[in-house]
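Peer 1: Okay, sequence plus prediction incoming.
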Amino acid sequence: MKHGRILTLAAALALGLAFATPKDTFVHMTFGEVDTLDPAQAYDTASGYILENIYETLYTYKKDSLTEYEPALAVSYSVSEDGKTYTFQLRKGVKFHSGNPMTCRDVEYSIERLLVTNPGDSAGWFYAESLVGYDVNAKAAAADVLGENPDPKKLEAFLEEYWQKIDQSVECDGLYTVKFHLVKPDPSFFAKLMYTASSVIDSKWAIQHGEWSGTKEDWKDWIGRDLRQGYLHNHASGTGAYKLVKWDGKNVVAEAFDGYWGKKPAIKKVLVQVVDEQATRIEALKRGDADRVTINDRATLESQIRGLPGVKVWEDKNWAPAVASAIFFNQNPSTQDNPYLGSGKLDGKGVPPDFFQDVNVRKAFAYAFDQDAIIEDLYLGHGVKLTMSLPPSFLGYDPNIPIYNLDLDKAEAHFKKAFGGKLWETGFELTILYNEGNTTRQTIAEMLKANIEEINPKFKINVQGVQWPDFIRAVSKRQLPVFVLGWGADYADPDNFVYTYYHSRGYYGNKIGLKDAELDRLVEEARSITDPKKRAELYSKVGHRGYEIVPFVPYPLPSPFMVTRDNVVGVYYNPMRSGEFLWKDIAKK
């Protein structure tokens, strides 16, 4: 680190600088900047890591368990016989960081705000599915149903009907009873309510600072709005054990909330510092300037971390990550102001928008990826290949689906078939982005570059690192022809992965222009039934179809580990947590 040690700890924390940490302070050096602190907008792990510590949901996961839950802002709940009404009794005496008391109105406002805004790059879709019957916001749903230029009267009638669905979806019965009314039974709804998007926000405080009024009067103004432009983007009043002190767009400072309803945490101050250079993070760990550091890969762990005095490596062979990652091939990238397509033509200086619509191009890229090298060299054998984009521990994962392995002869053959042979003659140039600091994704991108450029000197791939928020925005705008990204579970059900990856309206399916009627049919059928055996059979068919048309290539899943100073205690691993554990549960001895 370049920072000297003449500053006080308070000044260092305020400025977002590292410092030798006292017993009541926790410093985590990581990579990947927070995208937003608005729970209704955030849909990434960097943001979720902060949100899960400053906000709370009605129920939460019990420490490291995926199947045991415990009350948080609610104390009990019940489900109606038809499975369509969930009733929660709320905890009394809870205060927000502003000092305002939490009541049912705050729960109602938080969920209805999520349904009203429902930005296209948020988690609002899976709440809207359950509560209003659409997976998009009101304006997008109107476009789906009525077309792009509907009759004004029909549009007004549709929006009125949509608003009524929102208004009736959450109901207060007094100050401390809230009811959710679903359009149809959804066995995963309870689990959805534990995701950070359903965090309870301070409605009175939010409205006072210019957020949606919570009424029909201005709801249309907030439909689909990018909430990164709002007050909650970088301000927070939650009920969590920690309150936000400062987020400067990069580093986050938080401190224990004196008015917290639960057990007072041992850690009083937290600094999450974004340091993209892994070597800098490691040096800070050695000196004790960081209590936890994010280490990208097993090779670095074994060569530079394990055995260091004062450092502990947390790992367990039974840890099962709830994540799946892939190399995505965008079959319909945006052409508007897109710097990543080059010329936008098949002329050797770029790629056309339909570049990856040719299945031969997709298969050629798939055969140019060396999965064995990733496991052996980067993971040091501590990883598994994925046959489909679903964690192996989840229902429906089929280990018998074929896998694309490195075969440059097959890659060359498919490149020669692509575009009727024209691609081989003219060549191409495109850019692969990765988020800076993520050495695994960088390695995969550079591997593809090296292997593909070796096949034909007319093939050129540029590899470029950008900051995490810029990377996510480029994906959301559908600008990237090919990119490497992962998905961590929002809720513990296979549909959260299968729909996301394989359906044309899923988060990734939509982003890469995936259009396959067979996949859509299989996924929709699996969503309509509850029989585990039948669902598993359908998911297997999804995986096989995915291998056949290769809209993406799953890449190997590494065995998880965490690195802290050895005086940090209370650490546990819950893959549903963006940060694996909550700050309030740890201490320093």
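Peer 2: Looks like it arrived, so ask away.

Peer 1: and E454, that one's in a strand?
Peer 2: No: assigned with DSSP: H, G, I helix; E, B strand; the rest coil, E454 falls outside any strand and is helix.

Peer 1: and the residue lying closest to it once chain neighbours are set aside, what is it in contact with?
Peer 2: Counting by C-beta to C-beta, 6 or more residues apart in numbering, E454 lies nearest to L408, which is 7.1 Å off, once chain neighbours are set aside. For glycine as for every other residue, the C-beta is placed from the backbone atoms N, C-alpha and C. Residues near L408 by C-beta atoms under 8 Å, 6 or more residues apart in numbering: Y367, A368, N451, E454, I455.

Peer 1: Next one, pLDDT for L408 please.
Peer 2: Per-residue confidence (pLDDT) for L408: 98.

Peer 1: ditto for H3
Peer 2: Per-residue pLDDT puts H3 at 37.

Peer 1: Next, the residue of the chain positioned farthest from its centre: secondary structure please.
Peer 2: Computed with C-alpha atoms, centre = their mean, the residue of the chain farthest from its C-alpha average is E425, at 39.7 Å. Secondary structure, three-state DSSP: E425 is helix.

Peer 1: residues contacting the residue nearest to T426 when sequence neighbours are not counted?
Peer 2: Leaving aside its chain neighbours, T426 sits nearest to G348 (4.8 Å; criterion: C-beta to C-beta, 6+ apart). For G348, the contacting residues are T426, G427, F428, E429, K458, by C-beta under 8 Å, 6+ apart.

Peer 1: The nearest residue to the third one once chain neighbours are set aside: how many residues sit nearby?
Peer 2: Just to be clear, that refers to F428. Spatial nearest neighbour of F428, excluding adjacent residues (C-beta to C-beta, 6+ apart): V351 at 5.0 Å. Around V351 there are 25 other residues, counting by other C-beta atoms under 10 Å.

Peer 1: Same check on Q336?
Peer 2: Count around Q336 with other C-beta under 10 Å applied: 8.

Peer 1: Three-state assignment for it, please.
Peer 2: Classification of Q336 using three-state DSSP returns coil.

Peer 1: try E255
Peer 2: strand.

Peer 1: contacting residues around it?
Peer 2: By C-beta under 8 Å, 6+ apart, the contact list for E255 reads Y242, K243, V245, K268, K269, V270.

Peer 1: and the contacts of L408, which two are the farthest apart?
Peer 2: Spanning the widest gap among the contacts of L408 are Y367 and E454, at 12.6 Å by C-beta to C-beta.

Peer 1: out of the two, which sits in the more crowded spot?
Peer 2: More crowded of Y367 and E454, by other C-beta under 10 Å: Y367, with 25 against 13.

Peer 1: For the more buried one, which non-adjacent residue is spatially closest?
Peer 2: Using C-beta to C-beta, 6+ apart, the nearest residue to Y367 is A411, at 3.8 Å.

Peer 1: Pull the number of nearby residues for that neighbour.
Peer 2: The tally of other residues near A411 (other C-beta under 10 Å) stands at 24.

Peer 1: For the stretch 101-250 of the chain, just list every one of the strands.
Peer 2: With DSSP state E, counting those that start in this stretch, the ranges of strands along the stretch 101-250 of the chain come out as 170-172, 177-181, 242-247.

Peer 1: want to throw the ones you listed into CSV with mean pLDDT?
Peer 2: Shown next, in CSV, are the strands of the stretch 101-250 of the chain (pLDDT from 0 to 100):
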stretch, mean pLDDT
strand 170-172, 98
strand 177-181, 98
strand 242-247, 98
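
Peer 1: Reformat these as JSON lines; add distance to E156.
Peer 2: Converted to JSON lines, the strands of the stretch 101-250 of the chain look like this (distance: least, C-beta to C-beta, whole Å):
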{"stretch": "strand 170-172", "distance to E156": "24"}
{"stretch": "strand 177-181", "distance to E156": "24"}
{"stretch": "strand 242-247", "distance to E156": "39"}
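
Peer 1: for those strands, which one sits closest to F88?
Peer 2: Closest to F88 of those, according to C-beta to C-beta: strand 177-181, at 5.1 Å.

Peer 1: quick one: low-confidence parts of the chain?
Peer 2: Scanning the chain for pLDDT under 70 picks out 1-19.

Peer 1: 50 instead, please
Peer 2: Scanning the chain for pLDDT under 50 picks out the ranges 1-18.
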